[in-house]
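Visitor: Starting from these lines, generate the structure:
(chains A, B and C)
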Amino acid sequence: MLRGSLLPGDVGRMHLRGIAQVALSASPWTGLLFAVALFADGWRIGLYGLLGAAASTGAAALLGADRDGLAKGLEGYCGCLTGIAVVVRFGASWRTALLAVLAGAVCAVAGAAAGRLLGRVGLPALTAPFCLVSGVLAIAVPAAPAAPAAAPIEGDGFTSLSAAELGRAFCDNIGQVFFLDKWYAGLILLAGLLVASRAAALAAACGSAVAIVTACAMGLPDDRISEGLFGYNAVLVAIALGATFLARTPWTAGYATLAAVASVPFTAAWQAFAQPSGGSPYTWPFVVTTWLFLAAVPALDRPGISLEKAK
Amino acid sequence: MLRGSLLPGDVGRMHLRGIAQVALSASPWTGLLFAVALFADGWRIGLYGLLGAAASTGAAALLGADRDGLAKGLEGYCGCLTGIAVVVRFGASWRTALLAVLAGAVCAVAGAAAGRLLGRVGLPALTAPFCLVSGVLAIAVPAAPAAPAAAPIEGDGFTSLSAAELGRAFCDNIGQVFFLDKWYAGLILLAGLLVASRAAALAAACGSAVAIVTACAMGLPDDRISEGLFGYNAVLVAIALGATFLARTPWTAGYATLAAVASVPFTAAWQAFAQPSGGSPYTWPFVVTTWLFLAAVPALDRPGISLEKAK
Amino acid sequence: MLRGSLLPGDVGRMHLRGIAQVALSASPWTGLLFAVALFADGWRIGLYGLLGAAASTGAAALLGADRDGLAKGLEGYCGCLTGIAVVVRFGASWRTALLAVLAGAVCAVAGAAAGRLLGRVGLPALTAPFCLVSGVLAIAVPAAPAAPAAAPIEGDGFTSLSAAELGRAFCDNIGQVFFLDKWYAGLILLAGLLVASRAAALAAACGSAVAIVTACAMGLPDDRISEGLFGYNAVLVAIALGATFLARTPWTAGYATLAAVASVPFTAAWQAFAQPSGGSPYTWPFVVTTWLFLAAVPALDRPGISLEKAK
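Guide: Presented below is the predicted three-dimensional model:
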């Protein structure tokens, strides 16, 4: 538990870092720009994002979570995403606000459990606590406006996009990391990444482009490609493998590209699978793809692909 | 393998303990009252419960399972539940009796595997072997009277229950741990818990009450709340976290309450998810919720929340 | 990375071993006969099987996978099966050939990850990487001719088969390990097993017979039994537990038989579960059943059931 020794500025910085950690960054400036992007997309999204992050961080502090992790914002990002998921699915009301707070607290416990269990095999928890909690809520409490059934995906032929669709897909692949669907919100997020790390911003942009090419080659429906629904996991995979957890080399770039490509069918499969139950893949495809590609590294002996020394 | 040194009384005690272990108790008196509750609900349920427990314990003894665990009844509870699940779903006949015996034997193997794999991270196997085996059987061999489709769950508004419904929900939340749906069967189970441990009985009662409040706040359908379909996992979670695996403090009570609350949407989600395949959540939500909340404890530094020294 | 020191003959042998490893054999002669069986069933199947094996082995070599494993063919079998799964589901074209190559490369990464994570608990990866990759592709890109809905399975009564159906079921239980549905292809596979190990061939034949009896006792539909759709996992389970990973004793034979029996309802359940999403169980039931029965062994103290010293 944090007692007394934190100044108000520290608390604010901790919360902003909690938002930045959604994209694996610990910079409060990145968090500030991310928060701007959330409010730019809609004030409800911004509010619930902050509320969820505060609930998750508060519960973690109360339960005595690791202090270093708290200060880096590692206890906030899952609560932030869960808060946004709640308001996107169930709307804003005092009941859903209470739900966001409770769900954020459960995220803190799930994060501690995941960190301990996965730490034994050297894997990070990533957004798994968020995916678990939000997935359970989405299936348990079906919202009135059910998700429309996906148009049958045609397996043949490529999908071609107009220039406007291409631009929107590029921005929304980044925005959908936070459930945002306005193109400028995606650009603000990219600016937020750039503030903290050029490599992360470059990786996100490349991940988005790779996802568009892959989705078109698979013949997935154009409207959903341009909404960013197939690419947000590739963006996160590219940031995680291309700019965060692995030493940066040309080999790593290729390895991260293969992972980003693989995340696109994984996302499409998870969507098709989760839809009948009213669920969503959330960022599970990112989490599982990154786990697999990270866990494989120590078993491979490829000079040029190695774990980053310390994060 | 148990050779010669067991008296008939020991064997009987071992079997009764196997039934008591469903609620994490090792008292043969608790097991006796549990068996009475099973027969009170219906003689077929009692018979198949005993048969499954005997099959599982017998197979474990034959395969050389740990002797201490055998004597404490740790090899019987999953077989007992599996036997009941078989007769509830497929009815009583010599074929389903054979099925209960074989499934009980597989439970013994799955229990040994789960115990070894989970023991490495300090987690108990709980009822996971039962859930796995019964879930596979339910999906593999659809019964003639298919489960009726759930009424669409309304996400808005609270559910209000009459006093009779409230009383029935309170009892059936406990009874459904053993698939029992008669209110007096639930009360006999509660008496069985009381014989072994006042704390366990109190935790079960509180867990049942917390589950009713949570389910009503979520607006889940009243008929299913009063049948105990959303609360039996909360009862088990409360016994496990509130009275078994954690040292008893006020903090633990709060922690266990959060877990019991979280188990209710988890149960509703699992039901919605499993229904199209003809499956059921069984006690998976209890198992996974308890694993998460137990695994988190060593990673948290909250004085007042700590693992019980030895069970 | 393999540099220079491999002769063309070594490379060819490595590829044949990669095919033989589908049935846990490292004999190039077995691999040769398996390849003959693939081409006997259809030249496309043979071609894509070789292509997938080459892609997976090549990617593993490029990424610096363990050299011993490479030489034994351990990097080829998942790619081989994935290549066949691709052509069976999506047909032959240059696009699906590219898909088979990429999917094979992802298999190599997933295999390295699975090997490292599972190696910590002493379990082999088996065909898990193939099941994961092929399952994702099947759900992500639904083929035009969707799988016909299963006839409702009758839970009552036995299924009786004619002599011709019996013979076909026996052969196809083996053939379906490679997705083959011609009876003589299954017999060639059995001959391939016999070349490497009489015990493996005997186990495969017994596993096939046990699966037929179990499926008939469960009353599963006769046409699907005779197509081998319920038995191929039992064949693999029997080879793995009866002839590969455990020391061969009469106790082991009984233990492997119980596992083969258990794999049949597991397969039926997985089929029922995966069908609405357009998925297939692939060899998941083999993988999970074998993991459970292997993981249990060190926790049991049954003289006569022990792990094979070294593979």
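
Visitor: Give me the neighbour count for A:Gly157.
Guide: 9 (other CB atoms under 10 Å in any protein chain shown). Every C-beta, even on glycine, is put in place using the N, C-alpha and C of the backbone.

Visitor: Correct me if wrong: it contacts A:Met218.
Guide: No: using CB atoms under 8 Å, A:Gly157 is not in contact with A:Met218; the gap is 10.1 Å.

Visitor: Kindly report the residues of the stretch 151-300 of chain A close to chain C.
Guide: A:152-153, A:155-156, A:218-219, A:255, A:258, A:261-262, A:265-266, A:268-269, A:272-273, A:276, A:291-296, A:298-300 (CB under 8 Å from any CB of the partner chain).

Visitor: and stretch A:241-248, C-alpha only, in CSV?
Guide: Output of stretch A:241-248 as CSV, limited to C-alpha atoms (Å, rounded to 0.1, in the frame of the first residue of the first chain):
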residue,chain,number,x,y,z
LEU,A,241,7.9,-7.5,-30.9
GLY,A,242,9.3,-4.8,-33.1
ALA,A,243,10.0,-2.1,-30.6
THR,A,244,9.7,-3.4,-27.0
PHE,A,245,10.6,-6.9,-26.0
LEU,A,246,13.2,-7.9,-28.6
ALA,A,247,16.5,-6.3,-29.5
ARG,A,248,16.1,-4.3,-32.7
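
Visitor: Show me which positions of that stretch end up buried.
Guide: The neighbour-count check on stretch A:241-248 (16 or more other CB atoms under 10 Å in any protein chain shown) flags A:241-246 as buried.

Visitor: Counting only helices, which of those make the cut?
Guide: Among the buried residues of stretch A:241-248, the residues falling in helices (DSSP state H) are A:241-243.

Visitor: Could you export those residues to CSV, including columns for pLDDT?
Guide: Converted to CSV, these look like this (pLDDT from 0 to 100):
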residue, pLDDT
A:Leu241, 93
A:Gly242, 93
A:Ala243, 91
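
Visitor: wait, what's in contact with the spatially most central residue of chain A?
Guide: Nearest to the mean C-alpha position of chain A, by CA atoms, centre = their mean, lies A:Val177 at 4.6 Å. A:Val177 sits next to A:22-23, A:189, A:232, A:235-236, A:283 when contact means CB atoms under 8 Å, 6 or more residues apart in numbering or on different chains.

Visitor: where's A:Ala26 relative to chain B, distance?
Guide: 20 Å (CB to the nearest CB, to the nearest Å).

Visitor: That residue - how many residues pack around it?
Guide: A:Ala26 has 18 neighbours, counted by other CB under 10 Å.

Visitor: from what I can see it touches A:Ala20, true?
Guide: Yes: the criterion here is CB under 8 Å, and A:Ala26 meets it with A:Ala20 at 6.3 Å.

Visitor: Please identify every residue contacting each of these two.
Guide: Common neighbours of A:Ala26 and A:Ala20 (criterion: CB under 8 Å, 6+ apart): A:73, A:196.

Visitor: number of nearby residues for A:Trp94?
Guide: 7.

Visitor: got it, and A:Ala97?
Guide: 18.

Visitor: same check, this time on A:Val11
Guide: By the criterion of other CB under 10 Å, A:Val11 has 15 neighbours.

Visitor: That one belongs to a helix?
Guide: Yes: assessed with DSSP: H, G, I helix; E, B strand; the rest coil, A:Val11 lies in a helix.

Visitor: Roughly how far does the residue lying closest to A:Ala110 once chain neighbours are set aside sit from A:Leu74?
Guide: Leaving aside its chain neighbours, A:Ala110 sits nearest to A:Pro129 (3.8 Å; criterion: CB to CB, 6 or more residues apart in numbering or on different chains). According to CB to CB, to the nearest Å, A:Pro129 and A:Leu74 sit 11 Å apart.

Visitor: so what's in contact with those two at the same time?
Guide: Contacts common to A:Pro129 and A:Leu74, judged by CB under 8 Å, 6+ apart, are A:Gly111.

Visitor: out of those two, which sits in the busier spot?
Guide: Taking neighbours as other CB under 10 Å, A:Pro129 and A:Leu74 compare with A:Pro129 leading, 28 against 23.

Visitor: and the residue nearest to A:Ile188 when sequence neighbours are not counted, which of the three is it?
Guide: Excluding the flanking residues, the one nearest A:Ile188 by CB to CB, 6+ apart is A:Ala37, at 3.8 Å. With three-state DSSP as the basis, A:Ala37 sits in helix.

Visitor: List the contacts of A:Ala37.
Guide: Contacts for A:Ala37 were tallied using CB under 8 Å, 6+ apart; they are A:175, A:178, A:180, A:185-186, A:188-189, A:192.

Visitor: so how far is A:Leu123 from the residue lying closest to A:Cys131 once chain neighbours are set aside?
Guide: Nearest non-adjacent residue to A:Cys131, counting by CB to CB, 6+ apart: A:Tyr282, 4.3 Å away. Here A:Tyr282 is placed at a distance of 18 Å from A:Leu123 (CB to CB).
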